[in-house]
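Trainee: this is a predicted model, with the sequence first.
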Amino acid sequence: MNLDFKGKKALVRVDFNVPLDKKTLAITDDTRMRAALPTINTILENGGSVILMSHFDRPLKKLKEDGSIDVERFTLRHLVAHLSDLLSRPVQFANDCLGAEAVEKAKNLQAGEVLLLENTRFYKGEEKGDAEMAQKLATLGDIYVNDAFGTAHRAHASTTTVAQFFDKDHKTFGFLMQAEVDNADRVLNNPEKPFTAIVGGAKVSDKILILERLIDSVDNLIIGGGMAYTFFKAMGGQIGNSLCEADRLDHALALIEKAKSKGVTILLPTDSLVADKFDAEANTQVTPSDNIPDGWMGLDIGSEAIATFSETVKASKTILWNGPMGVFEIPKFAVGTKEIALAVAAATTEGAFSLVGGGDSVAAVTQMGLEKSVSFVSTGGGAMLEFLEGKELPGIAAIKA
Ligand code: AMP
């Protein structure tokens with residue numbers, strides 16, 4: 001955001017894909033809109049004007065019976081009044097992100113004014129990364145700003161292709177996107193040691209790329225959640241009815257070997273809270289994770305695992321957390337995730353840098369009200385997951401090109 005916006009029209013890609021109440025179409029959570037405010041306000045304060053573009057849901061996948069777009073349901077017009085309140089100034093709206101109205105309104109925009117364009121996903125070209133669409137969008141602004149990290153892993157017209165039409169001095173990340181990139185970069189490429197990654201969640205197959213990538217840089221790799229049982233099974237343990245990906249056993253063993261050869265300590269939960277069914281009313285007991293009776297399944301880490309994991313977390317200087325330690329949606333099986341969240345928060349208070357990102361661990365930390373107790377909570381979801389896997393995200397590459 002080091003560009004001079006004075007007298008310039010900034011074309012800003014935001015992520016205003018906010019949840020709406022199905023009946024009243026009122027905004028139920030405006031976090032994403034609030035997250036874009038620093039970028040928008042800074043441009044306005046520096047004498048620029050702002051043209052906002054965003055996608056909203058997937059209108060072309062949810063057409064009306066007659067095959068037309070359900071404009072009423074997917075229009076961004078619903079956001080205008082609230083955005084205007086948040087910015088304390090009027091917000092203009094163009095009924096189409098392309099075409100004469102958008103061009104006219106963008107042309108007439110004065111310093112300090114804000115224009116919101118209609119949903120970019122009303123056009124097929126958006127998700128295809130269509131160059132013609134991107135070029136038309138590009139003509140609306142003098143500077144392109146991408147502040148939509150949540151879609152940075154998609155090579156769409158308004159997130160990636162559009163950037164081709166601006167030279168290096170006329171495109172930049174917004175504050176939100178910059179923070180995501182800087183924090184992930186700090187963890188992946190410049191971690192203060194010891195560096196501990198905590199990976200949980202349901203499936204090994206979803207996390208295999210992250211695990212592979214992390215083994216190259218971490219000192220400790222904590223593996224919890226449903227995915228841990230595939231590792232126990234691979235090592236010859238009895239896991240009862242716990243989650244297991246039979247086609248990933250070799251992969252699990254290979255990861256353990258790779259960790260050994262790199263001097264990385266893998267920590268698996270030595271004990272588990274096991275249940276006789278996947279239900280809040282289930283009977284439970286604590287057993288060793290490699291000796292779970294038939295008919296029982298591991299749904300959370302046990303107290304011994306909580307103690308070992310917490311000790312390692314608290315002794316770390318950099319912590320990355322992705323994925324819950326158990327079925328945290330059910331309070332009975334949320335203790336492990338909660339305790340690990342508290343350990344991450346405690347380590348952060350002691351000076352560690354902690355990043356929580358990519359999927360359900362963010363929900364867990366937010367539910368526990370601990371989002372302010374960790375260093376950074378990513379809003380990126382799938383984008384953060386791909387970033388942590390070491391992939392180059394097209395939306396990021398396009399700004400750097
Ligand atoms: P992910 O989206 O990969 O982070 O996975 C999150 C999901 O994994 C949550 O819905 C959890 O309920 C689920 N999960 C975590 N631990 C277990 C477990 N031991 N057994 C079954 N599901 C689990």
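Mentor: Received the coordinates, thanks.
Trainee: contacts and neighbour counts: CA atoms only from here.
Mentor: Fine.
Trainee: any stretches of this protein with poor pLDDT?
Mentor: Scanning the chain with the threshold set as pLDDT under 70 gives 358-359.
Trainee: for it, which residues are neighbours of the ligand?
Mentor: 201-203, 225-226, 243, 298-300, 323-329, 359-360 (Cα under 6 Å from any ligand atom).
Trainee: inside strands: which ones of these?
Mentor: Per DSSP state E, strands hold the following members of the residues of the chain next to the ligand: 298-300.
Trainee: out of the residues you listed, flag the one nearest to the ligand.
Mentor: Closest approach to the ligand among these (Cα to the nearest ligand atom): Leu299, at 3.7 Å.
Trainee: by proximity to the ligand, which residue of the stretch 51-200 of the chain wins?
Mentor: Counting by Cα to the nearest ligand atom, the stretch 51-200 of the chain gets nearest the ligand through Gly200, at 6.1 Å.
Trainee: what's around that residue, how many residues?
Mentor: By other Cα atoms under 10 Å, 24 other residues sit near Gly200.
Trainee: for it, which non-adjacent residue is closest in space?
Mentor: Nearest residue to Gly200, sequence neighbours excluded (Cα to Cα, 6 or more residues apart in numbering): Gly323, at 4.0 Å.
Trainee: could I get the ones in strands among the residues of the chain next to the ligand in JSON lines, plus columns for neighbour count?
Mentor: Listed next are these as JSON lines, based on neighbours: other Cα atoms under 10 Å:
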{"residue": "Gly298", "neighbour count": "33"}
{"residue": "Leu299", "neighbour count": "28"}
{"residue": "Asp300", "neighbour count": "29"}
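Trainee: phi, psi of Phe278?
Mentor: phi -90, psi 80 (degrees, to the nearest 10).
Trainee: next, count neighbours for it.
Mentor: Neighbours of Phe278 (other Cα under 10 Å): 16.
Trainee: how near is it to Val80?
Mentor: 43 Å (Cα to Cα, to the nearest Å).
Trainee: and if you look at Arg32?
Mentor: Taken as Cα to Cα, the span from Arg32 to Val80 is 14 Å.
Trainee: who's in contact with Pro162?
Mentor: Small correction: residue 162 is Val, not Pro. 131, 134-135, 137-138 (Cα atoms under 8 Å, 6 or more residues apart in numbering).
Trainee: Pro288 contacts Thr270, correct?
Mentor: Yes: under the criterion of Cα atoms under 8 Å, Pro288 is in contact with Thr270, at a separation of 5.8 Å.
Trainee: give me the more crowded residue out of these two.
Mentor: Ranked by neighbour count (other Cα under 10 Å), Pro288 and Thr270 place Pro288 first, with 21 against 18.
Trainee: show me the beta-bridge partners of that one.
Mentor: Legend: beta-bridge partners of Pro288 under DSSP bridges are Asp271.
Trainee: Ala307 is in contact with Leu267, correct?
Mentor: No: look at Leu267 against Ala307 with Cα under 8 Å: they stay out of range, at 11.7 Å.
Trainee: can you tell me the distance between the two ends of stretch 163-174?
Mentor: 13 Å.
Trainee: er, stretch 235-253 I mean
Mentor: From its first residue to its last, stretch 235-253 covers 7 Å (Cα to Cα).
Trainee: contact partners of it?
Mentor: With Cα under 8 Å, 6+ apart, stretch 235-253 has contacts from 202-205, 226-227, 229-234, 289-299.
Trainee: Glu118: what's it in contact with?
Mentor: 53-54, 75-77, 93-97.
Trainee: need the strands for the stretch 101-250 of the chain, in chain order.
Mentor: 114-117, 143-146, 171-173, 195-199, 220-223, 238-239 (DSSP state E, counting those that start in this stretch).
Trainee: next, format those strands as TSV and append distance to Thr366 and mean neighbour count.
Mentor: Below are the strands of the stretch 101-250 of the chain laid out as TSV (distance: least, Cα to Cα, whole Å; neighbours: other Cα atoms under 10 Å):
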stretch	distance to Thr366	mean neighbour count
strand 114-117	29	25
strand 143-146	25	28
strand 171-173	26	25
strand 195-199	17	25
strand 220-223	21	24
strand 238-239	31	22
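Trainee: tell me which of those strands sits nearest to Val187.
Mentor: When the strands of the stretch 101-250 of the chain are compared for distance to Val187 using Cα to Cα, the nearest one is strand 195-199, at 8.4 Å.
Trainee: so what strands line up beside the closest one?
Mentor: The pairing partners recorded for strand 195-199 under DSSP bridges are strand 220-223 (parallel), strand 318-322 (parallel).
Trainee: in CSV, list those strands along with distance to Gly381.
Mentor: Putting the strands paired with strand 195-199 into CSV (distance: least, Cα to Cα, whole Å) gives the following:
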stretch, distance to Gly381
strand 220-223, 19
strand 318-322, 10
